[in-house]
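Colleague: just need the structure, nothing else, for what follows:
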Amino acid sequence: MFGPTIRLQWPDRQTEKVRLITTGKSGGAGEIFEIENKPRYVAKMYHAVTKPIQLEHYAKKIRWMVANKPTLPEIPAEHSATIVQLAWPVAQVLRGNQFAGFLMEKIDFSQTLELDYLLTRRQAEQEGFAVDFGKLMTVAYNLASLINSLHSKKIAVVDLKPMNLKVYKSQLYVSILDCDGFCIYDSAFRSDAPQVTPEYLAPEFHGVAVAHPETQDWFALATIIFRLLNYGIHPFVGISDNRLKYPTELAGRIQQTLYPYGKISHQGVRAAPASVHHAFPDNLRALFDRAFGWGPGGRPSAYEWAEVLGVYAQKSSGQMAPCDQGHLQFVGKPCPTCLRQAILQRHVSESKKFRARIRMVPKQALRHVQKSFNGTHTSPFQITLAQAQPPIQITRTTTPRVPA
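Modeller: Predicted structure coming up:
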């Protein structure tokens with residue numbers, strides 16, 4: 001169904017009339033339209049009920065973004081026409097002479113899957129994507145490189161989380177959605193990004209505005225990478241001993257930096273039994289320790305992450321090799337895939353024995369229920385359930401090399 005005719009204003013101030021095509025897709029701020037005779041683009045039109053003062057804020061921000069597109073990590077020529085790394089504004093949309101929205105390159109969702117799917121693996125497999133640690137390192141590297149390119153232009157995502165990220169299934173590049181919600185902290189222009197997600201929010205910004213958007217991105221990036229490599233386990237999911245008053249929500253654990261996966265064990269919290277962090281290389285574990293508050297040197301930047309991850313993403317580096325079962329593993333470390341399988345097999349065996357004991361001793365069943373309520377269970381599946389809380393919405397310059 002055709003929508004209204006509007007005008008596009010390109011960065012060189014040239015304009016052209018185009019007709020919108022309704023897609024039926026709408027979000028909190030605006031509606032998405034396709035463009036007649038421009039299949040590579042879509043338009044985001046802000047809702048008609050948007051208050052004038054808010055629309056003027058959008059207009060100023062979009063004008064700056066159209067004129068200041070960041071230089072992104074290089075993509076091989078054979079893929080450059082099909083890979084869109086940012087849903088970045090490339091032109092203003094005018095209704096009459098009034099700002100109404102923006103034009104952006106269209107991401108072909110049929111070629112991508114949500115990064116969220118890589119956390120549980122099963123959803124990715126249902127999409128026909130076979131997950132291995134080599135692919136995960138490449139995805140993590142591409143994400144870190146993309147974030148670094150934004151920071152070099154004084155742009156931060158702030159609300160960086162898996163649901164806003166798409167992964168190209170064949171090429172493993174990452175796309176970031178909702179770019180008009182980014183924070184801009186350029187010396188000549190500033191636009192904050194008030195929306196955050198507590199599970200990916202750095203401890204120093206809980207309950208206060210994000211004063212340093214770049215460091216917030218560093219925390220969220222580290223959290224996403226940790227979850228990618230550790231089968232979706234959040235870095236602040238663990239098991240407390242009885243002496244520690246353990247917050248029930250991830251946000252509370254982040255605020256108290258209760259990170260149980262460090263090279264030096266936390267005295268009050270143990271790692272989730274299903275974790276494979278012991279199979280990570282030492283330099284990655286050191287970065288995680290710094291990101292989550294336990295290592296000297298401060299939180300690692302996106303550039304640092306890209307430098308380290310790039311080595312593992314590059315096949316010629318020889319830092320990853322197949323184990324006896326054919327899974328990719330980090331050289332000199334146990335195979336994380338085999339380790340995970342052994343953990344789950346052990347859990348199945350222990351569950352069978354436990355159910356047998358339950359049938360014989362009813363009091364043991366009662367104690368198990370009490371442990372579940374108290375959050376002191378040790379089942380890796382219970383741990384996974386504990387971390388799967390739905391997100392709560394609260395309103396430098398060199399780009400590292402691309403692996404061969």
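
Colleague: tell me where the stretch 201-350 of the chain has strands.
Modeller: Under the criterion DSSP state E, counting those that start in this stretch, the stretch 201-350 of the chain contains strands at 238-240, 269-271, 320-322, 328-330.

Colleague: what pairs with the third one, parallel or antiparallel?
Modeller: Paired neighbours of strand 320-322 in the sheet (DSSP bridges): strand 328-330 (antiparallel).

Colleague: out of the strands of the stretch 201-350 of the chain, the one nearest residue 66 is which?
Modeller: Set against residue 66 and scored by C-beta to C-beta, the strands of the stretch 201-350 of the chain come closest in strand 320-322, at 40.8 Å. In short, each C-beta sits where N, CA and C put it, glycine included.

Colleague: now do that closest one: everything it contacts.
Modeller: 133-134, 137, 312, 328-331 (C-beta atoms under 8 Å, 6 or more residues apart in numbering).

Colleague: which parts of it are buried?
Modeller: residue 320 (16 or more other C-beta atoms under 10 Å).

Colleague: again with stretch 166-186
Modeller: 166-169, 171-176, 178-185.

Colleague: contacts only, for residue 205.
Modeller: Counted by C-beta under 8 Å, 6+ apart, residue 205 has contacts 196, 211, 216.

Colleague: now list the buried members of the residues you listed.
Modeller: Buried among the contacts of residue 205 by 16+ other C-beta under 10 Å: 196, 216.

Colleague: and which of the contacts of residue 205 is nearest to residue 78?
Modeller: Taking these together and measuring to residue 78 by C-beta to C-beta, the closest member is residue 216, at 35.3 Å.

Colleague: find me the pLDDT at the closest one, would you?
Modeller: As predicted, residue 216 sits at a pLDDT of 97.

Colleague: same check, this time on residue 12
Modeller: pLDDT, residue 12: 92.

Colleague: same question for residue 394.
Modeller: 47.

Colleague: with residue 126 instead?
Modeller: 89.

Colleague: what is the burial count for it?
Modeller: 11 (other C-beta atoms under 10 Å).

Colleague: show the contacting residues for it.
Modeller: Applying C-beta under 8 Å, 6+ apart, no residues qualify as near residue 126.

Colleague: which ones among the buried residues of stretch 166-186 map onto strands?
Modeller: The strands, defined by DSSP state E, take in 166-168, 174-176, 183-185 from the buried residues of stretch 166-186.

Colleague: how about these in CSV, adding pLDDT and distance to residue 256?
Modeller: Shown next, in CSV, are these (pLDDT from 0 to 100; distance: C-beta to C-beta, whole Å):
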residue, pLDDT, distance to residue 256
166, 97, 33
167, 97, 32
168, 97, 37
174, 98, 31
175, 97, 34
176, 97, 30
183, 96, 26
184, 96, 32
185, 94, 28
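
Colleague: list phi and psi for residue 4.
Modeller: phi -70, psi 160 (degrees, to the nearest 10).

Colleague: that one is in contact with residue 96, isn't it?
Modeller: No - contact criterion C-beta atoms under 8 Å: residue 4 and residue 96 do not qualify, at 10.5 Å.

Colleague: more neighbours: which of those two?
Modeller: residue 4 (11 against 8).

Colleague: how close does that one get to residue 23?
Modeller: As judged by C-beta to C-beta, to the nearest Å, residue 4 and residue 23 stand 14 Å apart.

Colleague: can you tell me the element residue 123 falls in?
Modeller: Element membership for residue 123 (DSSP states H and E) is helix 122-126.

Colleague: that helix: how far from the chain's middle?
Modeller: Relative to its chain's centre, helix 122-126 lies at 17 Å (C-alpha atoms, centre = their mean, to the nearest Å).

Colleague: same thing with stretch 214-230?
Modeller: Offset of stretch 214-230 from its chain centre (C-alpha atoms, centre = their mean): 7 Å.
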